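**Student:** Got a sequence here, can you build the structure:
(one chain, ligands or ions: 4)
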Amino acid sequence: MASSSISWCCLFLALFLVVFSGASGQLSPTFYASTCPSLESVVRNATNQAVLDEQRMGASLLRLHFHDCFVQGCDGSVLLDNAPGFVGEKTAFGNVNSVRGFEVIDTIKTKVEAACPGGVVSCADILALAARDATVKLGGPTWTVPLGRRDSTTASRDLANADLPPPFFNISGLIAGFVKKGFTAREMTALSGAHTVGFAQCQHYRNRIYNETNIDPVFAQGLKATCASAGGATDAHLAPFDGPTELVFDNSFYENLANRRGLIHSDQELYNPAGKQSQASVVNQYRSSSTTFFNEFAAAMVKMGNIAPLTGTDGQIRLNCRLVNT
Ligand code: HEM
Ligand SMILES: *[C@@H]1O[C@H](CO)[C@@H](O)[C@H](O)[C@H]1NC(C)=O
Ligand SMILES: *[C@@H]1O[C@H](CO)[C@@H](O)[C@H](O)[C@H]1NC(C)=O
Ligand SMILES: *[C@@H]1O[C@H](CO)[C@@H](O)[C@H](O)[C@H]1NC(C)=O
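**Tutor:** Ligands and ions are numbered 1, 2, ... in the order given. Below is the predicted model:
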């Protein structure tokens, strides 16, 4: 009797572990321990070099992993070029003339192939590692990256258009878009803190600085100098999301939101104390504790990296991140 209840207990424990480790993905931090032991240092060195060459690249690499994971999962689909008879994601609204860093990923991939030849490490895993290393290089938190993603043989511009949130979304749209990918509103607010680094183009904040009232008028006025009210010549002019520390991963993004200095409409939607789904209390926690923000950002990044990976024998390991293997 006693021994049978012990074995039942073990059986349930085993089932529990199978079910719940499956729920967090079949990825593992030691996936390449024997097949590519130098992987993490190769990616870290190359990412650090890219950020030394141009600090903004750290922001761009972080964003690339987000745009990969939100569109049919973390499968490297964002990296595929258009080709005859093949439409990639690079011309989707959220990506075109905006997402960047593809040359850096090519460089890292070349180094990884030199260290571990023959298509051992996926482009999707390189994106996940580079996003983490870029965050660290800019002064942000670190986390352990589960690995073992494989690369897609497909991409979807339609899904990219549907699943990458646009800057004009309100709080309900933002929450719904992230709930669809398995995140809470709080996790969405943490992930949005990535906008502590990097830049946006005038065309994405023009309406905000000319037409909105939930904005610091001095902040709006300053931006108007280089972002004209009429579309055209200044459309691509860049402004920092989180000046003056736009190249440092810190928690001042949330301080700026509380001062109505969010650059794009969607970010300011996170801090609207009167709104029904307001994230103002979360914003206040993150602005008063960078430790709280860093811990929750890191956890949410691991969760983002777990969105629908291809594993096992699904997909492939691309030799060139821009092309499906022939
Ligand atoms: C919450 C919904 C989000 C919206 C509406 C949004 C929208 C945008 C927009 C409009 C830009 C500027 C693009 C341009 O003007 O060319 C941008 C840049 C950026 N986004 Fe987001 N984003 C969101 C969430 C995220 C998340 C979750 C991450 C990463 C975890 C992220 C990381 C970045 C970074 C780092 C940049 C700057 C890139 C650079 O300077 O090259 N964003 N985002
Ligand atoms: C990374 O850079 C460090 C310091 O420059 C060097 O010692 C190390 O060998 C490099 N690792 C790889 C894998 O390139
Ligand atoms: C948010 O935007 C959606 C779509 O444009 C709209 O239907 C909804 O009423 C808006 N919600 C709020 C709270 O403004
Ligand atoms: C301000 O809003 C009006 C009305 O929606 C719109 O026609 C105009 O283009 C907006 N101005 C800017 C600079 O975005």
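
**Student:** In this structure residue 284 contacts residue 258, no?
**Tutor:** Yes. Between residue 284 and residue 258 there is a contact under Cβ atoms under 8 Å: 7.0 Å. All C-beta atoms are positioned from the backbone trio N, CA, C, and that covers glycine.

**Student:** So for those two, which residues contact both of them?
**Tutor:** Counting by Cβ atoms under 8 Å, 6 or more residues apart in numbering, no residue touches both residue 284 and residue 258.

**Student:** any idea how far the nearest residue to residue 219 once chain neighbours are set aside lies from residue 225?
**Tutor:** Spatially, and ignoring its direct neighbours in sequence, residue 219 is nearest to residue 261 (4.7 Å; Cβ to Cβ, 6 or more residues apart in numbering). Between residue 261 and residue 225 the distance, using Cβ to Cβ, to the nearest Å, works out to 16 Å.

**Student:** These two: who's more crowded?
**Tutor:** Higher neighbour count among residue 261 and residue 225: residue 261, with 23 against 9, using other Cβ atoms under 10 Å.

**Student:** Name the helix or strand for that one, please.
**Tutor:** Assessed by DSSP states H and E, residue 261 sits outside every helix and strand.

**Student:** Which pLDDT value goes with it?
**Tutor:** Residue 261 is assigned a predicted lDDT (pLDDT) of 98.

**Student:** Need the phi and psi values for it.
**Tutor:** Per-residue torsions, residue 261: phi -110, psi 30 (degrees, to the nearest 10).

**Student:** which residues does it contact?
**Tutor:** Residue 261 neighbours (Cβ under 8 Å, 6+ apart): 215, 216, 219.

**Student:** From residue 198, how far out is residue 153?
**Tutor:** 30 Å.

**Student:** For the two, indicate the residue with more neighbours.
**Tutor:** Comparing residue 153 with residue 198 by other Cβ under 10 Å, the one with more neighbours is residue 198, at 22 against 16.

**Student:** these two touch, right, the more buried one and residue 61?
**Tutor:** No. Counting by Cβ under 8 Å, residue 61 is not a contact partner of residue 198; they are 10.1 Å apart.

**Student:** Quickly list what's touching both of the two.
**Tutor:** In contact with both residue 198 and residue 61: no residue, using Cβ under 8 Å, 6+ apart.

**Student:** For this protein, which residue gets nearest to ligand 3?
**Tutor:** Using Cβ to the nearest ligand atom, residue 170 is the residue of the chain that sits closest to ligand 3, at 3.7 Å.

**Student:** ok, for that residue, nearest residue in space, not its chain neighbours?
**Tutor:** Closest to residue 170 by Cβ to Cβ, 6+ apart is residue 269, at 5.5 Å.

**Student:** mind pulling up the phi and psi values for the one you found?
**Tutor:** Torsion angles, degrees, to the nearest 10, at residue 269: phi -60, psi -20.

**Student:** List the contacts of it.
**Tutor:** 169, 170, 171, 174, 275.
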